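*Asks:* sharing a model prediction with you, sequence too.
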Protein chains: 2
Amino acid sequence: MNLPFTYDIRLPSAIPSRYENHIVRKLSSMSGQYLDHTAYDSLIASGDAVLYEVYELKRPELPGELLHGVSIVHPGRVGEEYFMTKGHFHALLETGEVYYILAGQGRMVMETPEGDWAVEELLPGRVLYVPPRWAHRSVNTSPHEDLVMLFVYPAEAGHDYGTIEAQGFRKLVVEADGRPVIVDNPRWLPPGGRK
Amino acid sequence: MNLPFTYDIRLPSAIPSRYENHIVRKLSSMSGQYLDHTAYDSLIASGDAVLYEVYELKRPELPGELLHGVSIVHPGRVGEEYFMTKGHFHALLETGEVYYILAGQGRMVMETPEGDWAVEELLPGRVLYVPPRWAHRSVNTSPHEDLVMLFVYPAEAGHDYGTIEAQGFRKLVVEADGRPVIVDNPRWLPPGGRK
């Protein structure tokens, strides 16, 4: 069956009324991604917090189809660094993504394979376009509120998590004097740095 | 330049803070599409009302890119039939579309080239997926409020307005006893009907 369908996104839970897949990412899936390893190990020891959840509507992974759903990044910090998603390139690099921010406050950290970077602020009512070629990670900068976004991307895009796991993002978003700031990631490996 | 970008959609105007193209469709562009020709001619004579507006963010029309923006269907009726969009197939038929309803009340009327039909209710907070192959027309069923939606579709999709202009949609949404009802379109031409 290939019929039109709808689902509702009701805040504050933001759990869509229909979904096929529910991804739950805990702190333990982000080994090596946070700058402050002591804070990371300490948080893992005190219970493996859920960092973010994704509710997906599944479609055939074919050109012309669109994958969509809701991502929810919970509030929190690992040291001075905010809770965030793993971040990824699309496996089919030349594919973009549209985000619509439903609730919360955050930043999207983005980067090309050539090492160009961009950080955009995420606010309710805002649309973000991530063009083809840009890896993307969402960061929740609110102390108490979920960051909730609707996402849409080409169904054939796929995910490449490995590149970011190996090289990190060039920029990090950390809290300083009570507000989010962008800093260099001292562990980032530039393009070709893994050779 | 191919950088990430954002725009804000602030209600009630819903005009995005950034756009490249603003389409304004008036009643006169819908000749023959409304059932009640007398009411249509009378409305045209009393001033050519704006039925709907589309604000588009332009992207290269390439696979992997996504076109997106805001559509605003104004409230009103032509006889018993509500203000609505022209409706179209995608020129590249095997491409879908995601809608997120920001404000208002309405229906999406959909149809395949084989004559299968579907009508979905549009409400704030609802996501609608129009799968590949389904023509789609948005209908504003509110007596006073704009129907405002964010849309996302593959940039290579294109538009085929001509098929619907020639054959109409199989179903119409009209007001009866103060509420929207779905009725057969007596002027609809079934697949092959134009031969």
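*Replies:* Perfect, thanks for sending it.

*Asks:* from here on, contacts and neighbour counts on C-alpha atoms
*Replies:* OK.

*Asks:* residue B:16 versus residue A:126, what's the distance?
*Replies:* To residue B:16, residue A:126 is 9 Å away according to CA to CA, to the nearest Å.

*Asks:* shared neighbours, these two?
*Replies:* Shared contacts of residue A:126 and residue B:16, defined by CA atoms under 8 Å, 6 or more residues apart in numbering or on different chains, are found at B:7-9.

*Asks:* lowest-scoring secondary structure element of chain A by mean pLDDT?
*Replies:* helix A:162-167 (a mean of 93; mean pLDDT, DSSP states H and E).

*Asks:* in that helix, which residues are buried?
*Replies:* Neighbour-count burial for helix A:162-167, counted by 16 or more other CA atoms under 10 Å in any protein chain shown, picks out A:164-165, A:167.

*Asks:* just put those residues in JSON lines and tack on distance to chain B.
*Replies:* Below are the buried residues of helix A:162-167 laid out as JSON lines (distance: CA to the nearest CA, whole Å):
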{"residue": "A:164", "distance to chain B": "18"}
{"residue": "A:165", "distance to chain B": "22"}
{"residue": "A:167", "distance to chain B": "21"}
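
*Asks:* what's the burial count for the residue lying closest to residue A:48 once chain neighbours are set aside?
*Replies:* Leaving out its chain neighbours, the residue that sits closest to residue A:48 by CA to CA, 6 or more residues apart in numbering or on different chains is residue A:27, at 5.7 Å. Using other CA atoms under 10 Å in any protein chain shown, residue A:27 is surrounded by 23 other residues.

*Asks:* same check on residue A:160?
*Replies:* 16.

*Asks:* distance of it relative to residue A:52?
*Replies:* For residue A:160 relative to residue A:52 (CA to CA), the value is 18 Å.

*Asks:* residue A:176 too?
*Replies:* 23 Å.

*Asks:* these two: who's more crowded?
*Replies:* It is residue A:52, of residue A:176 and residue A:52, that has more neighbours when counted by other CA under 10 Å, with 25 against 11.

*Asks:* hmm, residue A:73 and the more buried one touching each other?
*Replies:* Yes. If you go by CA atoms under 8 Å, residue A:52 and residue A:73 touch, sitting 4.2 Å apart.

*Asks:* mutual contacts of these two, please.
*Replies:* A:84-85.

*Asks:* could you list the contact residues of chain A toward chain B?
*Replies:* A:2-10, A:63-66, A:68, A:94-98, A:118, A:120, A:125-132, A:152-154, A:157 (CA under 8 Å from any CA of the partner chain).

*Asks:* still on that earlier bit, which one among the buried residues of helix A:162-167 gets closest to residue B:88?
*Replies:* residue A:164 (40.6 Å; CA to CA).

*Asks:* contacting residues for that closest one?
*Replies:* Contacts of residue A:164 (CA under 8 Å, 6+ apart): A:86-89.

*Asks:* separation between it and residue A:115?
*Replies:* According to CA to CA, residue A:164 and residue A:115 sit 12 Å apart.
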